[in-house]
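Participant: return atomic coordinates for the entry below.
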Amino acid sequence: MNTQKLSRPTDERKAMLRGLVSDLLWYGKVETTTDRAKAVARQAEKYITLAINSYEDVVTEDKKTTVKGKEKTVKVSKDGPKKLAARRKLLGNLYFRQEAIMKGEKPSSYKARIKGIENPLIEKIFDEIAPKYAARKNELGQGGGYTRVVKTGVRRGDNAMTAIVELI
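Facilitator: Alright, predicted model coming up:
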């Protein structure tokens, strides 16, 4: 992969990009320097493409359970091998983002809302972002182009060119 060094050692550069990509996918928009913005857009495009190619891989099976002496058949859906591999790759390359408590929300309703969600960012990628861009891909017949880098001018203080990266 041909990337710029961004004036950082490798471990710092990877951590910085990992955080920026996580923020971009969580919030939908990030403001940073132009060079960092271009690097973040490249990484985000790859992660979104990975999610698009695997988000439909779900295996459903009928499972028999016994409750108080009565047998019931319950449909259980799990990630297929392709989606599971993509989920693990995203978990390894993105930072954890916690779901925020909404204004005026009670703690009990917050706990009920987030119950069963281990990593909200990964769930958001597979449940919201991937289907949205897959539909656009099928409609337009092209892949890619999920992010936009808009230059915003120079930053006060160090005169660095800044840009906004956003999901479109």
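Participant: pull out the buried positions in the longest helix along the chain.
Facilitator: In the chain, with assignment by DSSP state H, the single longest helix is helix 34-54. Neighbour-count burial for helix 34-54 flags 36-41, 43-45, 47-54 (criterion: 16 or more other C-beta atoms under 10 Å). Yep, even glycine has a C-beta here, placed from its N, CA and C like the rest.
Participant: mind checking how far the residue of the chain most remote from its centre is from residue 129?
Facilitator: The outermost residue of the chain relative to its centre, with distances by C-alpha atoms, centre = their mean, is residue 69 at 43.1 Å. To residue 129, residue 69 is 45 Å away according to C-beta to C-beta, to the nearest Å.
Participant: doesn't residue 44 make contact with residue 146?
Facilitator: Yes. Contact criterion C-beta atoms under 8 Å: residue 146 and residue 44 qualify, at 7.0 Å.
Participant: now for the two: what residues contact both?
Facilitator: Counting by C-beta atoms under 8 Å, 6 or more residues apart in numbering, the contacts common to residue 146 and residue 44 are residue 167.
Participant: if we can go back for a sec, phi, psi for the residue farthest from the centre of the chain please.
Facilitator: Dihedral pair for residue 69: phi 80, psi 0, per degrees, to the nearest 10.
Participant: quote the end-to-end distance of stretch 57-75.
Facilitator: Taking C-alpha to C-alpha, to the nearest Å as the measure, stretch 57-75 stretches 16 Å from start to finish.
Participant: no no, stretch 119-130
Facilitator: For stretch 119-130, the separation between the terminal residues is 16 Å (C-alpha to C-alpha).
Participant: what of stretch 92-101?
Facilitator: 25 Å.
Participant: show me what counts as buried in that stretch.
Facilitator: In stretch 92-101, counting by 16+ other C-beta under 10 Å, buried: 93, 94, 97.
Participant: list the contacts for the most centrally placed residue in the chain?
Facilitator: Centroid-nearest residue in the chain: residue 125, 4.0 Å away (criterion: C-alpha atoms, centre = their mean). Residues near residue 125 by C-beta under 8 Å, 6+ apart: 25, 47, 48, 51, 90.
Participant: same check, this time on residue 167
Facilitator: Residue 167 makes contact with 24, 25, 28, 29, 44, 129, 146, 147, 148, according to C-beta under 8 Å, 6+ apart.
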